[in-house]
Every structure is written in structure tokens, then in C-alpha cells.
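[1] Sequence plus the predicted model coming up.
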Amino acid sequence: MPTLKDISVRLKSVKNIQKITQSMKMVSAAKYARAERELKQARPYGEGVKAFYDRAEVKPPVEQGKRLLVAMSSDRGLCGAIHSNIGKAIKSEMAHSADNTMIVCIGDKARTILQKLYQKQILYVASEVGRKPPVFGDAAKLAQAILSSGYDFSSGTIYYNWFKSVVSYRTSQLPLFSMEQVMQSEKYPIYDSLDNEVMQSYMEYSLTSLLFYAMKEGACSEQSSRMTAMDSATKNAGEMIDKLTLTFNRTRQAVITKELIEIISGAAAI
Amino acid sequence: MAVNLVRGTLLRFGRQGGYVALQRRGFADAPQMAFTFAAPNGVYYNNANVKQVDVPSYSGSFGILPNHVPTLAVLKPGVITVIENDGSPKKFFVSSGTVTINDDSSVQVLAEEAVKVEDLDPSACRETLHWAHGQVSSAATDEARAEAQVAVEVAEALVKACE
């Protein structure tokens, strides 16, 4: 049986936690509003980059070449299953074929999830992600790091959380292709007057754009998911406070009753 | 058996439906162009139908009309002119990016930065050019020099766009 003091300490700490989760919810609500506004503008951009691969019917290589998996997460937790979903998707992909595959982790959370199993296959980790909204320059730095890593992959996949609505997101994939792969596609010859230099710049730029787009989707999903997570945390804390208050009052009443009985029975004994 | 029959009919019907839709698209009155012009800082056109687009690219500046031959190009710093269906030209300054023209006559212009030319401040542009020249002369490494030269190229295009 907890004493009155125990309960009041507990009650106080739960109240403090509720205050924290509530303000975290407010903060992520403001961040989410901004992320969504920016995502609206980034979407046509991302679709534009994807359009070429769809129209040119670029296919992943038939035989397994070197592959690159990009895990788009961030540094910050407390946002539901956002990061673990990315980790799960990559783990299931790695379970199929772990040879010849390297992973690029964007954000510390992805690294923590993946480093135990695939420590040697982590090519690059980008940290300091998620504190500020992603900008194109971040994607450019990332693309630069991937291109200058010396790992020439023939195909790849970006795993990111596609933002559907405030309450839902979907862990999705964006395909990455190497220049050779694009050149081997059936429809490539109908594209007019292309030289290698133009192609190379084009591929580099489109990698950057895809990363940028995935970052934007990820950031928006993360903020919305954090908002929902913090909202339910606040609700749960509220329920806990109600229960604790009830126990507190009951215990207080019990203490008073006990004292009265002691006094009365003491008086009766004389 | 009955299930198979139903499925067969459905398949045939579905195929026919698709065919009709395709035909309709093919016989549109005017040649259409699905033009998308976007940058990380904003979307200017999203699958809009426009008359003509002039883009500066490293393989030479060129104009895009509907049903242009499919090609890819890399944008050069300069001015993109979009001529809308009513004939009014709109000018945008772009720093770099890509142009994709697909076989379904959809055009994607994706810029790293894009602003309306009328929003540019000529004196600020000249200042940038001045600053960029300073960067070139003070660059210590080859990499820094290359970066500064890119800055000069963009600044020159900016100044030119303002005139």
C-alpha cells in the first residue's frame, strides 16, 4: 500500500510529463504546418523527376549488381514507428540478398536500428538531420557524399515515409538507377542528341532531386506522426492523472478514518 | 466455367474501354503540352498547357513546342521564357537544373532556384557579380576557384537578365 507521500510524488511527476508532451505536441504542430506547406511545393518537383524514369521505362538490372539502399530517417525519436518502419523495410530487403549491398543512413535513428546487423555494410551516415526543415543544399551535400564515396552502384532504392495525411503515412520506395542502366533501357534511343557529359550532369542532378523530395516527404511524415504520438501521450498522461488523483483521495480518506478509529477506540478504553 | 466466362468478358470489355480512352486522347484538337516547371522554392506550372518554352542549356539554348522530340538537357544559368496560350511571355531566372522532354509530350523543367525576372534587384545582382569576382581572386584551392567561377557565371547571367 503506497503512502500518501508516494502517490503525491508520482502525481506530480506525471503532471510534469504531461506538460512536456503537450508542449512537444504544440511545437511539432507548428513544424508540421510548415513541413506540409513546403511539401506541397516539393511534390510536383519529385513527380517531375520520377516522370522521366517512368516514361523511359528504365528497369532494374536483370542480374544482381551492386546495390545501394538509402534509409531516410532523422535524428529525433518520439514519433511513433516512423524510423522503425524504415528499418523494418530495409531488414526485409537485406534478408533476401545481403551481398553486394551497401546502406546509406540518413539520420542517427536509422543507424541505431541497422548498425547491429549490418555494421560493415553501412557506407555513410548523415547526422544532424531533422533539427531544421531540409533544404536543397542538404540533399546536394548528401548526393555529393554518395557520388564521391567511390561505390558505383548499378541500382538502388530510397526508403522513405510517404506522407498521406496527418494521421497516416506509408513506407515507400523510390528507385535509383545508374547511368548505364538508363542507357540500356529500351526507350533510351528515342531521346535525342545526348552526350555523356549531359547525361552525367542530368543523373547527378536527378539523384539530388530525388533525395530532396524523399527528405521533404520524410520530414512531413515525421512531424505529423510526432504530433499524433504526443497527442496520445498527453491523453494517456491525463488518464493516469485521473486514476492517481482518485487513489490519492481514497488513501487520504483511509488515513483520516484510521486516525479517527484510533482516537475513538483509545477514548473508549479509558 | 461460368467464372472464366465472366472474367473473359470483363477482360475484353476492359481492353475496349482502354482503347476508346486512348483514341480520345489522340484526337485532341490542338497539340497539348504537359508543362511542369518547379523549383524547391516554389511551383510555377504543374502539368499546365502552354504554347512554347525557351530554355537555356549547356548544349545550346532551344525552344520547346508541343510534340518536341524527346530529349534531356542540363540548364545553364539564364532566363527561361514561357509563352502561355494567350501569347503572353513570362520570364524566369534559373540558376541550374534539368530539362526533360518525354515521348508523351510532357515537359519537366526542374530548377535548383527559380525566380521571376521582375523580382530581381539589378543593383543587388551587380553587387553579387562584384563579390563573385573577388571570390575568384581570393580562392586558395582549385575547388574553391571552381566554385567561385560558377558563382561568377551565375552572377553574370543575373546581371544580363536584369538588363
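    Sure, I can see it.

[2] alpha carbons only for contacts and neighbour counts from here, please
    Will do.

[3] how near is residue A:160 to residue A:178?
    20 Å (Cα to Cα, to the nearest Å).

[4] Looking only at neighbour counts, state which of the two leads.
    Between residue A:160 and residue A:178, counted using other Cα atoms under 10 Å in any protein chain shown, residue A:160 has the larger neighbour count: 30 against 18.

[5] tell me which residues in the helix or strand that that one is a member of are buried?
    Per DSSP states H and E: residue A:160 is located in strand A:155-165. Buried residues in strand A:155-165, counted by 16 or more other Cα atoms under 10 Å in any protein chain shown: A:155-163.

[6] can you check stretch A:162-180 too?
    Along stretch A:162-180, these residues count as buried under the neighbour rule (16+ other Cα under 10 Å): A:162-163, A:166, A:169, A:171-173, A:175-179.

[7] farthest-separated two in these?
    A:166 and A:179 (36.9 Å; Cα to Cα).

[8] State the phi and psi torsions of residue A:169.
    With angles defined as degrees, to the nearest 10, residue A:169 sits at phi -140, psi 170.

[9] Surely residue A:237 and residue A:13 touch.
    No: contact criterion Cα atoms under 8 Å: residue A:237 and residue A:13 do not qualify, at 10.2 Å.

[10] What segments of chain A are strands?
    Listed in chain order, the strands of chain A (DSSP state E) span A:67-72, A:101-106, A:122-126, A:155-165, A:168-177.

[11] Now render those strands as a markdown table, adding distance to chain B and mean pLDDT.
    Converted to a markdown table, those look like this (distance: least, Cα to the nearest Cα, whole Å; pLDDT from 0 to 100):
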| stretch | distance to chain B | mean pLDDT |
| --- | --- | --- |
| strand A:67-72 | 18 | 92 |
| strand A:101-106 | 20 | 92 |
| strand A:122-126 | 21 | 89 |
| strand A:155-165 | 17 | 93 |
| strand A:168-177 | 16 | 92 |
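
[12] pretty sure residue A:83 is touching residue A:109, no?
    Yes: between residue A:83 and residue A:109 a contact is recorded at 6.5 Å, counting by Cα under 8 Å.

[13] Which one of the two is surrounded by more residues?
    residue A:83 (29 against 23).

[14] can you pull the contacts of the more buried one?
    Contacts for residue A:83 (Cα atoms under 8 Å, 6 or more residues apart in numbering or on different chains) come out as A:73-74, A:77, A:109-110.

[15] State the distance from it to residue A:33.
    Taking Cα to Cα, one finds residue A:83 at 21 Å from residue A:33.

[16] Could you do residue B:110 as well?
    Residue B:110 is 25 Å from residue A:33, by Cα to Cα.

[17] the more surrounded of the two?
    Ranked by neighbour count (other Cα under 10 Å), residue B:110 and residue A:33 place residue B:110 first, with 29 against 14.

[18] Can you name every helix or strand that the helix or strand harbouring the more buried one contacts?
    Per DSSP H and E: residue B:110 is located in strand B:106-111. The helices and strands touching strand B:106-111, judged by 3 or more Cα pairs under 8 Å, 6 or more residues apart in numbering or on different chains; DSSP states H and E, are helix A:4-55, strand B:34-39, strand B:97-101.

[19] could you redo the last one with a cut-off of 6 Å?
    Judged by 3 or more Cα pairs under 6 Å, 6 or more residues apart in numbering or on different chains; DSSP states H and E, strand B:106-111 is in contact with strand B:34-39, strand B:97-101.

[20] Run through who's touching the helix or strand that comes right after it.
    Counting by DSSP H and E, the next helix or strand C-terminal to strand B:106-111 is strand B:114-116. If you take Cα atoms under 6 Å, 6 or more residues apart in numbering or on different chains as the criterion, strand B:114-116 is touched by B:92-94.

[21] Can you tell me what sits against the helix or strand following strand B:114-116?
    Counting by DSSP H and E, the element after strand B:114-116 in chain order, helix or strand, is helix B:122-138. Residues from elsewhere that reach helix B:122-138 (Cα under 6 Å, 6+ apart): B:145, B:148, B:151-152, B:155, B:158-159, B:162.

[22] Look up how far residue B:113 lies from residue B:123.
    Distance from residue B:123 to residue B:113, by Cα to Cα: 19 Å.

[23] which one of those two has more residues nearby?
    Using other Cα under 10 Å as the criterion, residue B:123 and residue B:113 rank with residue B:113 on top: 18 against 11.

[24] residues touching that one, list them.
    Remark: with contacts taken as Cα under 6 Å, 6+ apart, residue B:113 is in contact with B:39, B:94-95.

[25] change it to 10 Å
    A:136, B:38-42, B:77, B:92-97 (Cα atoms under 10 Å, 6 or more residues apart in numbering or on different chains).

[26] Could you do residue A:156 as well?
    With contacts defined as Cα under 10 Å, 6+ apart, residue A:156 is in contact with A:60, A:65-70, A:101-103, A:173-178.

[27] Look up which residues are beta-bridged to it.
    Counting by DSSP bridges, residue A:156 forms beta bridges with residue A:68, residue A:176.

[28] gap between it and residue B:57?
    28 Å.

[29] Close to chain A: what parts of chain B are there?
    Contact residues (Cα under 10 Å from any Cα of the partner chain) of chain B with chain A: B:35-47, B:57-59, B:69-75, B:96-104, B:106-113.

[30] and with 6 Å instead?
    B:38, B:40, B:42-43, B:70-71, B:108 (Cα under 6 Å from any Cα of the partner chain).

[31] TSV please, covering these and showing pLDDT, neighbour count and distance to residue A:142.
    Below are the residues of chain B next to chain A laid out as TSV (pLDDT from 0 to 100; neighbours: other Cα atoms under 10 Å in any protein chain shown; distance: Cα to Cα, whole Å):
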residue	pLDDT	neighbour count	distance to residue A:142
B:38	91	26	21
B:40	87	24	16
B:42	85	18	22
B:43	89	18	23
B:70	88	20	30
B:71	88	18	27
B:108	91	27	23
